[in-house]
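Student: task: produce atomic coordinates for the following.
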Amino acid sequence: MPLSFDLLPAERELLSQLAHQSIETYMAGNRSPVSPSDSVKKSQTLQRSLGGFVTLYMDGQLRGCIGHIVGSGPLYATIWDMARAAAFQDPRFHPLRAAEWPHVHMEISVLDELTPCPSVDEIEIGRHGLLLQYRGHSGVFLPQVPVDQGWDLYAYLKHLCLKAGVHDKAWQEADAHLYWYEALVFPA
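Tutor: Okay, here's the model as predicted:
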C-alpha cells in the first residue's frame, strides 16, 4: 500500500531547516515554539497531523531519537518539537552540547497511519515499522531499525517485545496488539 502522503523536495528541505533551527535556537537560549513561514503555511502536507520522529547520529552511532507515532498537530510543529526532544530530552543520552552539534547527522521520519498488522507474514523488513501493545506495555521501532541492526523478522519481533519490557514472544499472545505503519525517511 503506498503512503497516503508525499513530500516534495522543497517540503523535505523546509522540515530539515526547521529541525536544524529548532536545535540551534534552543542552544542559543530561545525556547519559543515554532513560527511557521509562509512556505510552511502553503503546504497542505506540512499542515497535516502526521506522526514524526527525529533521529540524531554522531560518529555513526545513535545520539537521540524521539517522536510521535500518531500525529497530534501539524507535521511542521511535530518535527520542530521532536528535534529539540531528540537533542535535549532523550533519557538515554546527556543533552546535546554545542561542541557536538557540528558532528551530528539528522534523519527525519514522517509516519503514515498506524493500522493493525493483519499477519506477521506480511511484514517487510525495512518497509514496516511496528508498535506492540501488551498488558499495559508498549514498544515501537521505526522501519529502518531492523535493517540497521541486521535483524530478520523474528529477531525484529523479539526485540520489539524486549523494548516493550515483556517476554520475547509476547507478540504471539492473544491479548497482544501488533500495529504496523510505513514511513518516509530522509536525511535532514
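Student: now Glu24. Nearest residue, chain neighbours left out?
Tutor: If the residues on either side of it in the chain are set aside, Glu24 comes closest to Trp101, at 7.7 Å by Cβ to Cβ, 6 or more residues apart in numbering. (Glycine included, C-beta is placed from N, CA and C.)
Student: burial of Ser119, as a residue count?
Tutor: Neighbour count for Ser119, taken as other Cβ atoms under 10 Å: 7.
Student: could you do Asp175 as well?
Tutor: Asp175 has 8 nearby residues by other Cβ under 10 Å.
Student: list phi and psi for it.
Tutor: Backbone torsions of Asp175, given as degrees, to the nearest 10, read phi -100, psi 10.
Student: so who does it touch?
Tutor: Applying Cβ atoms under 8 Å, 6 or more residues apart in numbering to Asp175 gives the contacts 134-135.
Student: how close does it sit to Tyr134?
Tutor: Distance, Asp175 to Tyr134, by Cβ to Cβ, to the nearest Å: 7 Å.
Student: contacting residues for the residue nearest to Glu24?
Tutor: Trp101 makes contact with 23-24, 27, according to Cβ under 8 Å, 6+ apart.
Student: lowest-confidence helix or strand of this protein?
Tutor: helix 38-42 (a mean of 87; mean pLDDT, DSSP states H and E).
Student: and the contacts of the helix or strand that comes right after it?
Tutor: Using DSSP states H and E, the helix or strand that follows helix 38-42 in sequence is helix 44-47. When contacts are defined by Cβ under 8 Å, 6+ apart, helix 44-47 is touched by residues 5-8, 11, 14-15, 36, 40-41, 74-76.
Student: go with 6 Å
Tutor: 5, 7, 11, 40, 74-76 (Cβ atoms under 6 Å, 6 or more residues apart in numbering).
Student: stretch 121-136 now?
Tutor: Contacts of stretch 121-136 (Cβ under 6 Å, 6+ apart): 139-143, 146-147, 153, 160, 164, 166, 170-171, 176-181, 183.
Student: tell me the secondary structure for the residue nearest to the spatial centre of the chain?
Tutor: By Cα atoms, centre = their mean, the chain has its centre lying nearest to Phe53, at 2.5 Å. Of the three states, Phe53 takes strand according to DSSP: H, G, I helix; E, B strand; the rest coil.
Student: for it, give me its contacts.
Tutor: Residues in contact with Phe53 (Cβ under 6 Å, 6+ apart) are 67, 109.
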